[in-house]
Each structure stands twice: as C-alpha cells, then as structure tokens.
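*Asks:* Quick one, structure for this:
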Amino acid sequence: MKRVAILMAVLALAAACDDDSPTQPSNTGPIVFSAALSAANEVPPITNAESTARGTTTITFDVPRDSTGAITGGGNATFGVQLNSFPTSSTAVIAAHIHPGAAGANGNPLVSLNVSAGAPIVLTNGAANVSITVAISQADATAITAAPANYYFNVHTVLNGAGAARGQLARQ
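*Replies:* Prediction:
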C-alpha cells in the first residue's frame, strides 16, 4: 500500500513538472507565419485579367534559437504556397519573394524562392500548391520575426511582373 502511495506521489509530481503547456509560447522550434494573398493587395491593385488572383502562404523558419527565443543563426525557410483563381490554366509564376514593406508600401525582394522565368511555377486550371525550401540568414529571420507585419509575400507572373498577388505576414 505504501508503494502505491509513493508511486502516486511520483506520478503527480511528474505531471506537475510537465512543461508542454499549450498556453505558453515555445522559445524553441520553428517560427511560423502566414499571409492571405490577393491581387487587390498589390500596390497599385491589379485591375487586369489577373485581378481575381488569390492564395495563401504558410512560411516556416527552421532556425536555431537560444532559451530566450532569440535567433542565433541562419537556417531554412519553407514556403507552402497555394494559389487559385488565376484566369488562365497555364499562368506561369516567374518570381516569389518576401519583401520589406508595410501594407500599401513596396520594397525590394529580401528572401527569394528559387522561381524564375526559366524555372516557373506553372498553374494548372489557374491554381497551384507548392512547397519550396530556401536558406534564410540570421539577420533576415530576426528582422522578419521582430515585425512580421512590416513584410509581405508576393508572387509575380508574366502579365504582372511587379506582382500579381500579395499578403502581409502574420506570425502564427
């Protein structure tokens, strides 16, 4: 009987020490962002045949972090991109990037996916679902993580070389 009481006390103590609380954010592991993409979010908004372009992206930074959550080195950024509502079945996405810029402002590409006119994402029936992983520097990962709303992701097509669909980043 005494052994059962000791076992119960040990189990209760172990449960009390469990640090997998879903209410507390993790200081380690991947950092995840998302963005809802729309042709209307481009600056200026798209008004041509691709004005219906939409999509979403989920971006996961796999970078080393210390116990405080500070990013301590470069790593990888994995982009899950879902595009839809493009008007033609064979639209080619010729570039895709994270840019610095708040809503309504444009910026130069900062983190580029390996997409180009020579290696495009070709949409089938106006849609695509791709996953692409690229390297990300410590400086870029730190800056984006510190203020994700000051960055946007967009895709560029042949028709809209300056950008066809865009969305501001939000941390998940």
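*Asks:* quick one: the helices in the chain?
*Replies:* For the chain, the helices defined by DSSP state H occupy 2-16, 138-146.
*Asks:* between those, which gets the lowest average pLDDT?
*Replies:* Lowest mean pLDDT of these: helix 2-16, a mean of 43.
*Asks:* end to end, how far does stretch 112-126 reach?
*Replies:* Using C-alpha to C-alpha, to the nearest Å, one end of stretch 112-126 lies 22 Å from the other.
*Asks:* My read is that Gly75 contacts Pro64, right?
*Replies:* Yes. Using C-beta atoms under 8 Å, Gly75 is in contact with Pro64, at 6.5 Å. Placement of C-beta: from N, CA and C, glycine included.
*Asks:* Quick one, grab the pLDDT at Thr88.
*Replies:* The model's pLDDT for Thr88 equals 80.
*Asks:* typed the wrong thing, it's Pro22
*Replies:* pLDDT, Pro22: 43.
*Asks:* before we move on, what about Asp19?
*Replies:* In this prediction, Asp19 carries a pLDDT score of 43.
*Asks:* start at 690 instead
*Replies:* With 690 as the first residue, the last one maps to Asp708.
*Asks:* just to revisit the earlier point, who's more crowded, Gly764 and Pro753?
*Replies:* Gly764 (18 against 13; other C-beta atoms under 10 Å).
*Asks:* Spatially central residue for this structure, please.
*Replies:* A centroid search over the chain (C-alpha atoms, centre = their mean) returns Ile748, at 2.0 Å, as the residue closest to the centre.
*Asks:* Quick one: residues contacting the residue nearest to it when sequence neighbours are not counted.
*Replies:* With sequence-adjacent residues excluded and distances taken as C-beta to C-beta, 6 or more residues apart in numbering, Ile748 is closest to Phe722, at 4.6 Å. Phe722 sits next to 747-750, 833, 837, 858-861 when contact means C-beta atoms under 8 Å, 6 or more residues apart in numbering.
*Asks:* how long is stretch 852-861 end to end?
*Replies:* First-to-last residue span, stretch 852-861, C-alpha to C-alpha: 24 Å.
*Asks:* Just the mean pLDDT for it, thanks.
*Replies:* In this model, stretch 852-861 carries a mean pLDDT of 98.
*Asks:* chain center to it, what's the gap?
*Replies:* Between the centre of stretch 852-861 and the centre of its chain there are 8 Å (C-alpha atoms, centre = their mean, to the nearest Å).
*Asks:* List the contacts of it.
*Replies:* By C-beta under 8 Å, 6+ apart, the surrounding residues in contact with stretch 852-861 are 720-728, 730-732, 735, 739, 742-748, 772, 775, 782, 787, 791-792, 833-834, 837-838, 840-846.
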